[in-house]
Structure formats: C-alpha cells, structure tokens
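need a structure here:
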Amino acid sequence: MKRLVAPAALAFLLLGGAACGRKSQAPEESPPTPSTRTPWVKARSSEGVPLLEAPAQVLPSPEGLASVVPPYRARVVKVLVRPGAKVRKGQPLVEVAMPEVSTAAGAYASASTRVDAYGRRKAQLDALKGEGLVRLSDVLEAETKFAEARADQQSAAAALRAAQIDPSQAQDIVAGKVPVALRSPIDGVVTAVNASVGDNREPTGEPVVRVAGEGDSRIEARFARAFDPHDAAFAMHASNGVTYALRYVARAPVVDPRDGTVAFWLLPDSNLQLPSGLTGRVVVTLQGIPDTAVVPARAVALVDGKAHVVVRRGDQSERVPVAVIGSSGAEALVKGIEPGVEVAADAALAEAAPAGPKPPEGK
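Predicted coordinates for the structure are as follows:
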C-alpha cells in the first residue's frame, strides 16, 4: 500500500466525489433507484500500515564529542596524537608549557611543606598545652599559620585540577619529572589536530584536538503534524542502506514556527550506537489500533464536513461515522469500523441505491 498522508489531503481527494454524492442524493424518504451498483469490499486491518514518514538525522551526542583546549595560556611543546588515533579517557594528547600551572604546582608544593611543618608544631603545642607548659598565644599562632598554609594548598590544588592535573604530581612538575599535558576527556577517536610545536594558544581559541566517541544515538525526525506515538512503530531507513527499529522517547510540545513541523526524538532498539550525522527517513506504521481499518478512498464520503462510510449488514446498509487518520490517492485509514466489515467501495453510489441481496460466496 502507498504511504498515507495527512487527513487534510483527503478533503481534496474526496471533494469531487462527495459533491457528486450530494448532487445525486435524494431526500431520505424517497431514494431513487440507480442503474449502477457499487462493489462491496471488506475493510482491511491497519496492522503494519505505513502512516507517515519524515526526514531524520542522528544528533551529535554531548557525551560523544570533546574539544580539547588549554585552561590557561599555553605553548605547545609536543603533539602526541594524529587524526584517527584511538585514545582513552585521561590519555595525554599534547604536551604544553603553562606558566599558571607551573606557578600553581610550585605554590602547592610550598604550601604542602608548610602544612606539614605547622601541623607537627601544632601537635606538639597541643600536647604541652594539656600539661600547662605552653602559652595560649603560641597555640593560637600555630593554628593560624597551619590554617593559612592549608588555604594556600587548597587554592593551588584547585588551579591544578582545572588543568586536569592531580595535585599529588605538583612536586614532580616542579622538578621537571612530569610534563604538563592536555588529556582526552573521553574514550574515542581523534578527528582533528590543530596544533604544531611552538604554537601559543589561548583558552578562548580554537580547540587543539577534537575527539569523537560513542554516546546516546538520539534521532530527530520532523513530522508535518503531531500524532499519538503510543499506537505506532518507528523504523529509520538510513542512508547507509540499513533499517533500524526505533523506540519513542519524546516529542516537542509546540510546532516549530520556522517550518510548521513537530520534532520527535527516538532511540535505536538494543542500544545500538549510530554514527553522528547519519541521515535517512523515519517511517511510522500502526500497531493494530482498535476500531481502525483501511478502506478505498472513495468509500469515505463527506457531508457537512463530517466523514462516514456505508456499511452493509446482511441486506441492509447504513452510514457509519468515521475519523480519517490518513489517506493516499487510492486508500484511506479510518477509525470507527473494524477490519472485516463490508463497506461500499464508492459511498456516493451506495447512498443512491439500496444495498441489494448479498452475492453468493465465491462470486
């Protein structure tokens, strides 16, 4: 079956037929007898019927992309990776010289020495204070110097952590045993290196290295109208030739004023990791909504803006109101009848004549 479009299209498809039906429609009390009868067909199940489709794209994952920039002014000393290199979280990418980091490492090492010294002095005075062998002013002075040293140590440690450096490495950095490096914040693959030895870089400049990794493969599809996603199944026919089953996550509560579409967000089943930027189209199919069936498009008639079909029950026919969910040039998806009921293939002809006897089976 062809894919179905929005219900608004049905009005254009059926307008001529409905108008014709109204012209040939006689008052209900004295219907004319036509020379032509309409075929009667059984309404089909809506299970698996394509309802809508929309362009879609795999969005970049916030956890799957990383731009590495120096936290302070830096000079590139050594580039350790090339595009295409697989890296682990915390792996050094570029060695740099950062004056602020060197200063922070020296301040941390110095403060740590003072913390140790004042800590020992404070412990001695506390022991003597219990025996009354020390003045209170000496104890207070030691506590003040110990607190000041601790504050300096914590300030320097914060500066080092901002550069992804463990404060325990401060002494080795001061001694020149450990180089200062920019490290990868995620597991992934290096996609770009924009640095050479001797470059001076600022924190607000271009990233030195870009890394792409795996993350949430969220897919955005933009449909021409909103619909209830809970009775539908989603699949992405990607540009790489693969079809992925999807599960519904959320939809935008408002219409995008730029193009009048409604954004839906989905995820691949089984937590598959899809490449960022992959494009395709998302096809929506129904999962057997109760009282929903597929009928010929001309089986739906419009009277006073309300849709109905003509259903035959035995030798009698009657109008049954329906809601049009979607339609194509040949068929319509309606809610209000069950699969298997007999409907007039052309509502205009059926309403102009009695149902007539039911033909023998097999004819």
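
next SSE downstream of the host helix or strand of S110?
Applying DSSP states H and E as the criterion places S110 in helix 99-130. Moving toward the C-terminus from helix 99-130, the next helix or strand (DSSP H and E) is helix 136-162.

could you check the angle that next one makes with helix 99-130?
Interaxial angle of helix 136-162 relative to helix 99-130 (axes from the mean of the first three to the mean of the last three CA atoms, to 10 degrees): 150 degrees.

list the buried ones in helix 136-162?
Of the residues in helix 136-162, 139, 142, 145-146, 149-150, 152-153, 156-157, 159-160 count as buried by neighbour count, 16 or more other CB atoms under 10 Å. For every residue, glycine as well, the C-beta is placed using N, CA and C.

in contact with the residue most central in space within the chain, which residues?
Of all residues in the chain, the one closest to the mean position by CA atoms, centre = their mean is R218, 3.4 Å from it. With contact set as CB atoms under 8 Å, 6 or more residues apart in numbering, R218 has these partners: 58-59, 61, 249, 265-267.

nearest to K42, of those?
The nearest member of the contacts of R218 to K42, counting by CB to CB, is L266 at 34.0 Å.

excluding chain neighbours, what is closest to that closest one?
Among residues not flanking L266 along the chain, L246 sits closest, at 4.1 Å (CB to CB, 6 or more residues apart in numbering).

which helices and strands does the helix or strand in which the one you found is found pack with?
Assigned by DSSP H and E, L246 belongs to strand 243-251. Applying 3 or more CB pairs under 8 Å, 6 or more residues apart in numbering; DSSP states H and E, one finds that strand 243-251 makes contact with strand 232-238, strand 262-268.

list the buried residues in that strand.
Using 16+ other CB under 10 Å as the test for burial, strand 243-251 gives 244, 246, 251.

gap between the first one and L51?
Read it as Y244. 18 Å (CB to CB, to the nearest Å).

what segments of the stretch 201-350 of the chain are helices?
For the stretch 201-350 of the chain, the helices defined by DSSP state H, counting those that start in this stretch cover 347-351.

show residues contacting stretch 143-155.
Stretch 143-155 is contacted from outside by 107-108, 110-112, 114-115, 118-119, 121-122, using CB under 8 Å, 6+ apart.

buried subset of those residues as a ChimeraX selection?
Buried residues among the contacts of stretch 143-155 (16+ other CB under 10 Å), as a ChimeraX selection:
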select :107,108,110,111,112,114,115,118,121,122
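
I'd guessed A233 sits against D269; true?
No - contact criterion CB atoms under 8 Å: A233 and D269 do not qualify, at 10.5 Å.

between those two, which one's more packed in?
A233 (17 against 12; other CB atoms under 10 Å).

hang on, the earlier thing: the helices and strands packed on strand 243-251: which one's closest to L286?
strand 232-238 (6.0 Å).

could you give the angle of that closest one to strand 243-251?
Interaxial angle, strand 232-238 versus strand 243-251 (the same axes, to 10 degrees): 120 degrees.

need phi/psi at the closest residue to R161 other than its chain neighbours.
Excluding the flanking residues, the one nearest R161 by CB to CB, 6+ apart is P167, at 7.0 Å. Per-residue torsions, P167: phi -60, psi -20 (degrees, to the nearest 10).

quick one, what contacts P167?
With contact taken as CB under 8 Å, 6+ apart, P167 is in contact with 108, 156-157, 160-161.

and what of A195?
76, 79, 94, 201, 208-209.

repeat the analysis, applying 7 Å as the threshold.
76, 79, 94, 208 (CB atoms under 7 Å, 6 or more residues apart in numbering).

so it, which of the three states?
Three-state call for A195 (DSSP: H, G, I helix; E, B strand; the rest coil): coil.

what's the closest non-adjacent residue to it?
V208 (4.5 Å).

isn't the one you found right next to V94, touching?
Yes - counting by CB atoms under 7 Å, V208 does reach V94; the two are 5.5 Å apart.

need the residues touching each of those two.
Overlap between the contact sets of V208 and V94, as judged by CB under 7 Å, 6+ apart, is given by 182, 195.

distance of D116 from F227?
69 Å.

who has more neighbours out of those two?
It is F227, of D116 and F227, that has more neighbours when counted by other CB under 10 Å, with 18 against 12.

how about the residue lying closest to that one once chain neighbours are set aside, secondary structure?
Closest residue to F227 apart from its sequence neighbours, by CB to CB, 6+ apart: L52 at 6.9 Å. Recorded secondary structure, L52: strand (three-state DSSP).

look up which residues are beta-bridged to L52.
For L52, the residues forming beta bridges with it (DSSP bridges) are V284.

how near is it to A226?
Distance, L52 to A226, using CB to CB: 11 Å.

neighbour count: those two, which is higher?
L52 (22 against 14).

that older thread, want to throw the helices and strands packed on strand 243-251 into TSV with mean pLDDT and distance to V320?
What follows is those, written out as TSV (pLDDT from 0 to 100; distance: least, CB to CB, whole Å):
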stretch	mean pLDDT	distance to V320
strand 232-238	92	24
strand 262-268	94	30
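
between those, which one is nearest to V282?
Closest to V282 of the helices and strands packed on strand 243-251, according to CB to CB: strand 232-238, at 5.2 Å.

for that closest one, packing partners?
strand 243-251, strand 279-286 (3 or more CB pairs under 7 Å, 6 or more residues apart in numbering; DSSP states H and E).

what lines up beside the longest one in the sheet?
Sheet pairing of strand 243-251 (DSSP bridges) gives strand 232-238 (antiparallel), strand 262-268 (antiparallel).

let's have these in CSV, adding distance to S196.
Converted to CSV, the strands paired with strand 243-251 look like this (distance: least, CB to CB, whole Å):
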stretch, distance to S196
strand 232-238, 38
strand 262-268, 39
